[in-house]
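1. A structural model of the following input is requested.
(2 chains)
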There are 2 protein chains.
Amino acid sequence: MALSSALLDQAVDQLASLPGIGRRTAMRLALDLLRRDVHEVARFSEAVRNMREQVQYCTQCCNISDRPVCDICSDPNRDASMICIVEDIRDVIAIENTHQFKGLYHVLGGVISPMDGVGPDDLHVAELFMRTAKGGIREVVLALGATLEGDTTSFFLSRKLQEAGIAVSMIARGISIGGDLDQVDEVTLGRSITDRKPYGPNTRT
Amino acid sequence: MALSSALLDQAVDQLASLPGIGRRTAMRLALDLLRRDVHEVARFSEAVRNMREQVQYCTQCCNISDRPVCDICSDPNRDASMICIVEDIRDVIAIENTHQFKGLYHVLGGVISPMDGVGPDDLHVAELFMRTAKGGIREVVLALGATLEGDTTSFFLSRKLQEAGIAVSMIARGISIGGDLDQVDEVTLGRSITDRKPYGPNTRT
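-> Predicted structure coming up:
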């Protein structure tokens, strides 16, 4: 039903345009914002607008960064001969939290998705090939999501990189550490069987 | 962990300040906004800010309205001798959707909640008593949520209104239409038994 206020209606529409936010939730958020101080809501509004208008990306790895070269790319202690390809900044944070990767990243900004009209030109793919063309890259690690789009992107990139003579690897897929076998989906469990590796001291965690 | 961009960090903080939105979800929302056109995000930001800065309330029922007197209060076909007291605009929409109430509303803008520091003075309570003091009100229907705060508010208002000689009623609480008895919580089921009414042609739905 139409709301009694066009202003409220527009704000609810905008909030409901966010992923995973329906109109009921959007209304709850709008009413919460209405109860706040005017200046507080102005800060909210400015923070969102400033982020979009002033955001910058690392000229090397394309990650969101306030500096031309991000902290990771400018760290001399990291292995610049390894590049881990991820979808977005969340994956960089997730991998950094494991403390298991000491190379650099390349943030694609998405994955190839013909259904959504996203092709290689919409992603930071050209920047990746410019990096690898400069030489000095020993290995590229693909760390994209295990979805149809992630797999398509991995396949596309691996072919191009291998043509350029660069070693390409992919992060392991299998059952979670601490996971019960009967809780794992069939595809993952099947994959963990075909991708099995010799049992040895390094296999255990 | 700290993000690589203060701009992103601030936007995520602001989005995470919304009710029910954690930092993970806030990050997802921020990345979605970053992928959008600059002007689209400016419209998002403006809609939220304009709502807060320019919002108006009906001078009679205190509901959010772009006009000094809202559509419901200015409708001559509605029964101005009945006032239904609700917490916010969502409740007005919910009750309007039932087409079972032909009176007017009074929107409190919240409920009394000592834990959150919300007292009668923080709500549109004075406006309610100004309306009832003018006379012509036959019945006030309390339609607040069945929570401790809702009940406290109902009790406070009912005492004040009854002192002023106004009939006060409360919407029925009981098992849902189409609901199974074994799915209903004990308090509601107990209440539906103590609040039973004579069986007759009007009881069935």
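
2. And for the residue nearest the centre of chain A, nearest residue in space, chain neighbours not counted?
-> In chain A, the residue lying closest to the centroid (Cα atoms, centre = their mean) is residue A:88, at 2.4 Å. In space, and not counting its chain neighbours, residue A:88 is closest to residue B:31: 5.8 Å by Cβ to Cβ, 6 or more residues apart in numbering or on different chains. Any C-beta I mention is one placed from the backbone N, CA and C, and that applies to glycine too.

3. My read is that the one you found contacts residue A:92, right?
-> No - Residue B:31 is not in contact with residue A:92 according to Cβ atoms under 8 Å; the separation is 11.9 Å.

4. Looking at the two, which is more packed in?
-> For the pair residue B:31 and residue A:92, the greater number of neighbours falls to residue A:92 (24 against 20), based on other Cβ atoms under 10 Å in any protein chain shown.

5. Restricting to C-alpha, output the helix or strand containing that one in CSV.
-> Taking DSSP states H and E as the definition, residue A:92 sits inside helix A:89-98. Extracted in CSV, the C-alpha atoms of helix A:89-98 (Å, rounded to 0.1, in the frame of the first residue of the first chain):
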residue,chain,number,x,y,z
ILE,A,89,38.1,-7.0,-0.5
ARG,A,90,36.2,-9.4,1.8
ASP,A,91,38.2,-12.3,0.4
VAL,A,92,41.4,-10.4,1.0
ILE,A,93,40.4,-9.9,4.6
ALA,A,94,39.4,-13.5,5.0
ILE,A,95,42.7,-14.8,3.6
GLU,A,96,44.7,-12.3,5.6
ASN,A,97,43.0,-13.6,8.7
THR,A,98,44.4,-17.1,8.1
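
6. Residue A:68 and residue A:58 touch, don't they?
-> Yes - counting by Cβ under 8 Å, residue A:68 touches residue A:58, with 7.3 Å between them.

7. Settle it for me: which of the two has more neighbours?
-> Higher neighbour count among residue A:68 and residue A:58: residue A:58, with 25 against 12, using other Cβ under 10 Å.

8. Domain map for chain A?
-> Split into domains by automatic domain parsing, chain A comes to A:6-54, A:79-170.

9. Report the separation between the two terminal residues of the first one.
-> End-to-end span of domain A:6-54 (Cα to Cα, to the nearest Å): 30 Å.

10. Quick one: mean pLDDT for that domain?
-> In this model, domain A:6-54 has an average pLDDT of 95.

11. same deal with the longest one?
-> For domain A:79-170, mean pLDDT rounds to 93.

12. distance between stretch A:97-104 and the chain's centre?
-> Computed by Cα atoms, centre = their mean, to the nearest Å, the chain-centroid distance of stretch A:97-104 equals 15 Å.

13. The closest residue to residue A:84 other than its chain neighbours in helix, strand or coil?
-> Take residue A:84 and drop its neighbours on the chain: the residue closest to it by Cβ to Cβ, 6+ apart is residue A:141, 4.4 Å away. Look at residue A:141: counting by DSSP: H, G, I helix; E, B strand; the rest coil, its state is strand.

14. Just give me the neighbour total for residue A:141.
-> There are 19 residues near residue A:141, going by other Cβ under 10 Å.

15. Bridged to it, which residues?
-> Residue A:141 has these beta-bridge partners by DSSP bridges: residue A:84, residue A:169.

16. I'd say it and residue A:171 touch.
-> Yes - counting by Cβ under 8 Å, residue A:141 does reach residue A:171; the two are 6.6 Å apart.

17. how about the strands of chain A, start to end?
-> A:79-86, A:103-107, A:139-142, A:167-170 (DSSP state E).

18. Tell me which of these sits most buried.
-> strand A:103-107 (a mean of 23; mean count of other Cβ atoms under 10 Å in any protein chain shown).

19. by how many degrees do that one and strand A:79-86 diverge?
-> 30 degrees (axes from the mean of the first three to the mean of the last three Cα atoms, to 10 degrees).

20. Which neighbouring elements make contact with strand A:103-107?
-> Counting contacts by 3 or more Cβ pairs under 8 Å, 6 or more residues apart in numbering or on different chains; DSSP states H and E, strand A:103-107 packs against strand A:79-86, helix A:89-98, helix A:125-133.

21. again, 6 Å this time
-> When contacts are defined as 3 or more Cβ pairs under 6 Å, 6 or more residues apart in numbering or on different chains; DSSP states H and E, strand A:103-107 sits against strand A:79-86.

22. which other helices and strands contact the strand it packs on?
-> Counting by 3+ Cβ pairs under 6 Å, 6+ apart, the packing neighbours recorded for strand A:79-86 are strand A:103-107, strand A:139-142.
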